[in-house]
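[1] build me a structure from this.
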Amino acid sequence: MWTIGLTGGIGSGKSSVAQWLKEHDIAVLDADQTVHRLLADDPTTICRVAQTFGKDILDMQGKINRQVLGAKVFNNKEARTRLEEILHPLVKGKMIADQMALEAAGVKLCIWDVPLLFEAGFAALMNEIWVVWVTPEIQVERVMMRDSFTRDEAELRIAAQWPLKDKKKLADVLINNSGTWEDTVVQMEDLLVRIKNRVS
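    Numbering: from 1, shown residues only. Reported below is the predicted structural model:
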C-alpha cells in the first residue's frame, strides 16, 4: 500500500483538501477523528488519561468529559505535552490497524490526515508527504475569519504550531492553497492522476 501523509497548519485548508480526496473515493484516515473515538470509547485511553489528569475528568458513565479535560490542558504546555505523550502512540497504533484492514480489503492507496504529522513522529511511516500551504498573511486572515479571532489571537494560535515554512521544506508535494479553491482543485486533479498511476 502507498501511504501519503497530509498535513498543513491552522487556516491552511488541509481539511478541505482531505474532504475533496474522500469525495474522490480515496481512503483517508483522520487523526483528529481517531483521537475523538479513542477518548470516547477506548478503555485503555480513558484509563491512562484519567490516571494522569484525575478521575474528576470522568462523567457519571465513566466517559471522559472533554470540557473538563480541555480546561486542564488549555494554556498549560506541560499538561498538553503529557496528554500528547499518552495519545500519540495510541493514535498511531489505531491508524496502523485501520490501514492494515484497508490493505487486507485490497485498497492500494491511503491518506493519513494528521495535523501534527512531523511533531508527533508520524512522518517516518509515510511513503510521501503532502503539505497544504498558504502565505502567512492569508493564513492569518483565514484564521481570523474562521474563528472570529482578532489579529493578535490568530497570530498567537498560529505561533503555537510548527511554522508552515518549516513544514514546506519537508514536503514531497506542496499544495498551494493561497489562491482560489478552483486553483487548488486543479493541483489536486493532477496529483490524483499521478498517484493513481503510481499504485495501479
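
[2] just the helices from the protein, written as ranges.
    14-23, 31-41, 43-53, 66-73, 77-104, 136-147, 151-159, 164-169, 181-199 (DSSP state H).

[3] in CSV, list the ones you listed along with distance to Glu119.
    All C-beta atoms are positioned from the backbone trio N, CA, C, and that covers glycine. Shown next, in CSV, are the helices of the chain (distance: least, CB to CB, whole Å):
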stretch, distance to Glu119
helix 14-23, 14
helix 31-41, 11
helix 43-53, 19
helix 66-73, 15
helix 77-104, 8
helix 136-147, 17
helix 151-159, 14
helix 164-169, 10
helix 181-199, 24
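
[4] what's the closest of these to Phe122?
    helix 77-104 (6.3 Å; CB to CB).

[5] counting contacts, what elements does that closest one pack onto?
    strand 27-30, helix 31-41, helix 43-53, helix 66-73, strand 109-113 (3 or more CB pairs under 8 Å, 6 or more residues apart in numbering; DSSP states H and E).

[6] report the angle between the axes of the third one and helix 66-73?
    Angular relation of helix 43-53 and helix 66-73 on a 0 to 180 degree scale: 40 degrees, by axes from the mean of the first three to the mean of the last three CA atoms, to 10 degrees.

[7] now helix 43-53: buried residues?
    Thr45, Ile46, Arg48, Val49, Ala50, Phe53 (16 or more other CB atoms under 10 Å).

[8] where does this protein have low pLDDT?
    Applying pLDDT under 70 to the chain flags no residue at all.

[9] tell me the phi and psi of the nearest residue to Thr184 once chain neighbours are set aside?
    For Thr184, ignoring the flanking residues on the chain, the nearest one in space by CB to CB, 6 or more residues apart in numbering is Asn177 at 4.9 Å. Main-chain dihedrals, Asn177, degrees, to the nearest 10: phi -110, psi 30.

[10] list the residues that contact Asn177.
    Gly8, Ser12, Gly13, Ser16, Val17, Val132, Trp133, Val134, Thr184 (CB atoms under 8 Å, 6 or more residues apart in numbering).

[11] likewise Gln99?
    Neighbours of Gln99 in contact, by CB under 8 Å, 6+ apart: Met1, Thr3, Leu29, Cys110, Trp112.

[12] now the contacts of Asn177 as CSV including neighbour count and distance to Gln67?
    Output for those, formatted as CSV (neighbours: other CB atoms under 10 Å; distance: CB to CB, whole Å):
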residue, neighbour count, distance to Gln67
Gly8, 29, 27
Ser12, 26, 27
Gly13, 22, 28
Ser16, 16, 27
Val17, 25, 30
Val132, 25, 29
Trp133, 22, 33
Val134, 22, 31
Thr184, 20, 34
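
[13] now those in JSON lines, with distance to Leu170?
    Shown next, in JSON lines, are the contacts of Asn177 (distance: CB to CB, whole Å):
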{"residue": "Gly8", "distance to Leu170": "12"}
{"residue": "Ser12", "distance to Leu170": "14"}
{"residue": "Gly13", "distance to Leu170": "18"}
{"residue": "Ser16", "distance to Leu170": "21"}
{"residue": "Val17", "distance to Leu170": "17"}
{"residue": "Val132", "distance to Leu170": "13"}
{"residue": "Trp133", "distance to Leu170": "11"}
{"residue": "Val134", "distance to Leu170": "16"}
{"residue": "Thr184", "distance to Leu170": "20"}
